[in-house]
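K.L.:
got a structure for you, letters missing:
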């Protein structure tokens, strides 16, 4: 007897044989069929009935996802010419379809009627929440606009989608365009052996002798942190921080300046069309915060509490650099280098000294052990599943012997793969038309340097933390207990709360009890020596003030860029950033720095007027972890409560309600400030500007 493969059982994308050239025609046909099916579905809705309406819509949506989702994913992890061409052809079709669905008045009225019906009161909380969120989203999509303005809205959304893709493509092309070939290692003094080996392998892959430096973050970080030659640090700093701009070695070639300016203007028009003064309030309408001004107040108050420590951090660093023979004042490309030197001087600890204890296989095994202890879940590898690259793994997540979800693990940097780390959905948890439960499947992506010279990939402690962070997102998706697709996993979750599970899991990278599970030497298997462990823990909050202020710089820039936009006399984006830097930055950026041209989070990644979410959610995560600190970091009862109250609930309830259910109170910034060793913030409550309406 033969049994169906996991590939067939889960209806997973067949990446190995996927032909992107035919997808646009298939998508065209599917979208037309969906529109006809929805029209017929609405004709059959004589009385409001959730079970006749929503499951059918979920099924239709899932069928679109199964066509578009794999292509969208490949656009990020394998952006070859044929993938890019197919993506660019399909995106306008999908954008137009989404706009049409959002402005489908008959469908909107079906949900309104459902909300007012007796049937609504009989629905479960997740189903009720889904109906409410759908009505909210219809309004935000312009369902109440007249036909002419609806058409304008659709055109604006189409242009925005195309510009975001152009931004992303420019950034990837600019990143891959730059390289520096170095024949003699004497020009790379200070670089650790692992970085030198990686540069050698990169050179070999291009048929070159010596070393080849690229702008992937691993290489960039190594040069900025360890290279003794200041001119080399300056060169790669300039190349990295002028990508896709009018400045730097490729100035003007992949320039995102006009793309960004147009995007901001289009977003403002969309917000105005549906009744908002600016895009910040339009964006915040789906988040915990009440308004853009409430977010600004949160960020400004946090800055007041953190800036004195950040300035003190910077003064100490400058003093150390000067005493070490460094420049006064330091340039931006000197900061990471002298920070590492100061860390070594103060704590007698080098980041490179730690890397042998954070081999990726060991960290990954430790991660799986940690979540098993917290939640009681088992993670095991699976075979026979089609992937887009030989390095990609596939895993099952099970509880009490029963599968609850699956995920792909794509962990190494390579060409045609965008930088950074992220989680995305492959399949949502929902009941299919045949009554079977579709389990959630996640894509988990990082960009670590691959194994070299027979050694496993060795991570910095920061990279290990990134792995935990992304897995926290994955758990949020896979551990959902909700069967309504629109509020299962991360769906329907307020965007400023969606980082809570990911930032929460980072804490287990800093606890002695958990570090003992996986911080082991890759050759000997010996645990991290006690002296190294204590040095690492002592250095946890090294320059924490500077780090928080850097995040505040990004968040305030993003917020004010959208909140203060004037369509009559648009302020240059660089001017907005310069003003924010003058207010909060403690590291002076050179005039030619064009960080914003590579700020994919807000121009291509869904975080527009939402970058503050990282700090907002970090407050939530620190507060939630304080309960684990009190009750035991591996207390199974606390883990079970977290799963029941937050991780498993998805967007089925408002984020503030979920938090207060778990903690028994509203959040405050106290735990975050304490964990980072920063000044007390007068018990500032996150409920300032927070809304129970999500």
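P.N.:
Received it, and whenever you're ready, just let me know what you need. If you're wondering where the values come from, they're calculated on a predicted model, not measured in any experiment.

K.L.:
C-alpha only now, for contacts and for neighbours.
P.N.:
Noted.

K.L.:
And the helices in the stretch 401-550 of the chain, which stretches?
P.N.:
Ranges of helices within the stretch 401-550 of the chain are 461-478, 500-506, 512-518, 530-538, 544-563, based on DSSP state H, counting those that start in this stretch.

K.L.:
any idea whether the spatially closest residue to residue 586 that is not a sequence neighbour is helix, strand or coil?
P.N.:
With Cα to Cα, 6 or more residues apart in numbering as the measure, residue 311 is the residue that lies nearest to residue 586, at 6.2 Å, once sequence neighbours are left out. Look at residue 311: counting by DSSP: H, G, I helix; E, B strand; the rest coil, its state is helix.

K.L.:
Give me the neighbour count for residue 311.
P.N.:
19 (other Cα atoms under 10 Å).

K.L.:
hmm, back to that, nearest to residue 149, out of the helices of the stretch 401-550 of the chain?
P.N.:
helix 544-563 (21.5 Å; Cα to Cα).

K.L.:
what pLDDT, on average, does that closest one get?
P.N.:
Helix 544-563 shows a mean pLDDT of 97.

K.L.:
for the following helix or strand past that helix, which positions count as buried?
P.N.:
Toward the C-terminus, helix 544-563 is succeeded by helix 573-584 as the next helix or strand (DSSP states H and E). If you call a residue buried by 16 or more other Cα atoms under 10 Å, then helix 573-584 has these buried ones: 573-574, 576-577, 580-581, 584.

K.L.:
What pLDDT is listed against residue 677?
P.N.:
The model's pLDDT for residue 677 equals 87.

K.L.:
Equivalent analysis for residue 434, please.
P.N.:
Listed pLDDT for residue 434 reads 86.

K.L.:
returning to what we had before: assess the claim that the residue nearest to residue 586 and residue 585 are in contact.
P.N.:
No. Here residue 311 lies out of contact with residue 585, judged by Cα atoms under 8 Å, at a distance of 9.1 Å.

K.L.:
so where's the protein shaky on pLDDT?
P.N.:
1-3, 679-694 (pLDDT under 70).

K.L.:
which residues touch the residue positioned nearest the centre of it?
P.N.:
The centroid of the chain falls nearest to residue 422 when counting by Cα atoms, centre = their mean (4.8 Å). Residue 422 makes contact with 444-446, 470 under the criterion Cα atoms under 8 Å, 6 or more residues apart in numbering.

K.L.:
Return the backbone torsion pair for the residue lying closest to residue 314 once chain neighbours are set aside.
P.N.:
Nearest residue to residue 314, sequence neighbours excluded (Cα to Cα, 6+ apart): residue 586, at 6.8 Å. The phi and psi values for residue 586, taken as degrees, to the nearest 10, are phi -110, psi -10.

K.L.:
Start the count at 39 instead of 1 going forward.
P.N.:
Sure, I'll start numbering at 39, so the last one becomes residue 624.

K.L.:
Run a quick neighbour tally on residue 624.
P.N.:
Neighbour number of residue 624 under other Cα under 10 Å is 22.

K.L.:
was I right about it contacting residue 348?
P.N.:
Yes. Counting by Cα under 8 Å, residue 624 does reach residue 348; the two are 6.9 Å apart.

K.L.:
what's the overlap in contacts for the two?
P.N.:
584, 587.

K.L.:
returning to what we had before: next one: the residue nearest to residue 352 from residue 357, what distance?
P.N.:
14 Å (Cα to Cα, to the nearest Å).

K.L.:
try residue 121
P.N.:
Distance of residue 121 to residue 357, computed by Cα to Cα: 51 Å.

K.L.:
And for residue 682?
P.N.:
50 Å.

K.L.:
So for these two, which sits in the more crowded spot?
P.N.:
When residue 682 and residue 357 are compared on other Cα under 10 Å, the one with more neighbours turns out to be residue 682, at 17 against 13.

K.L.:
Surely that one is within a helix?
P.N.:
Yes. Counting by three-state DSSP, residue 682 is part of a helix.

K.L.:
Next, count neighbours for residue 533.
P.N.:
So residue 533, with other Cα under 10 Å, has 27 neighbours.

K.L.:
May I ask you to confirm that it is in contact with residue 325?
P.N.:
Yes. Counting by Cα under 8 Å, residue 325 is a contact partner of residue 533 at 5.4 Å.

K.L.:
any shared contact partners between these two?
P.N.:
Counting by Cα under 8 Å, 6+ apart, nothing touches both residue 533 and residue 325.

K.L.:
Could you point out the longest strand of this protein?
P.N.:
strand 440-450 (DSSP state E).

K.L.:
Okay, buried residues for that strand please.
P.N.:
Buried, per 16+ other Cα under 10 Å, within strand 440-450: 442-450.

K.L.:
which secondary structure elements does it contact?
P.N.:
strand 431-437, strand 479-486, helix 499-516 (3 or more Cα pairs under 8 Å, 6 or more residues apart in numbering; DSSP states H and E).

K.L.:
what's the angle from that strand to helix 499-516?
P.N.:
Counting by axes from the mean of the first three to the mean of the last three Cα atoms, to 10 degrees, strand 440-450 lies at 140 degrees to helix 499-516.

K.L.:
Domain ranges for the chain, per the record?
P.N.:
44-140+142-178, 216-279, 295-387+581-649 (automatic domain parsing).

K.L.:
got these as JSON lines, with distance to residue 664 columns?
P.N.:
Below are the domains of the chain laid out as JSON lines (distance: least, Cα to Cα, whole Å):
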{"stretch": "domain 44-140+142-178", "distance to residue 664": "28"}
{"stretch": "domain 216-279", "distance to residue 664": "32"}
{"stretch": "domain 295-387+581-649", "distance to residue 664": "19"}
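
K.L.:
Please enumerate residues in contact with stretch 579-586?
P.N.:
In contact with stretch 579-586 (Cα under 8 Å, 6+ apart) are residues 344-349, 351-352, 381, 624, 713-716.

K.L.:
quick check, residue 66 in a helix?
P.N.:
Yes. With three-state DSSP as the criterion, residue 66 is part of a helix.

K.L.:
how close does the closest residue in space to it that isn't next to it in sequence get to residue 201?
P.N.:
Closest residue in space to residue 66, ignoring its immediate chain neighbours: residue 131 at 7.2 Å, by Cα to Cα, 6+ apart. Applying Cα to Cα, the value for residue 131 to residue 201 is 15 Å.

K.L.:
For the two, indicate the residue with more neighbours.
P.N.:
Neighbour count, other Cα under 10 Å: between residue 131 and residue 201, residue 201 has more, with 20 against 15.

K.L.:
contacting residues around that one?
P.N.:
Residue 201 touches 297, 301, counting by Cα under 8 Å, 6+ apart.

K.L.:
quick one: what helix or strand has it in it?
P.N.:
Judged by DSSP H and E, residue 201 forms part of helix 185-215.

K.L.:
List the buried residues for that helix?
P.N.:
Applying 16+ other Cα under 10 Å to helix 185-215 flags 188-214 as buried.

K.L.:
for stretch 354-371, same thing?
P.N.:
Under the neighbour-count criterion of 16+ other Cα under 10 Å, stretch 354-371 has 355-356, 358-359, 364, 368, 370-371 buried.

K.L.:
Equivalent analysis for stretch 411-424, please.
P.N.:
Neighbour-count burial for stretch 411-424 [16+ other Cα under 10 Å]: 411-413, 415-417, 423-424.
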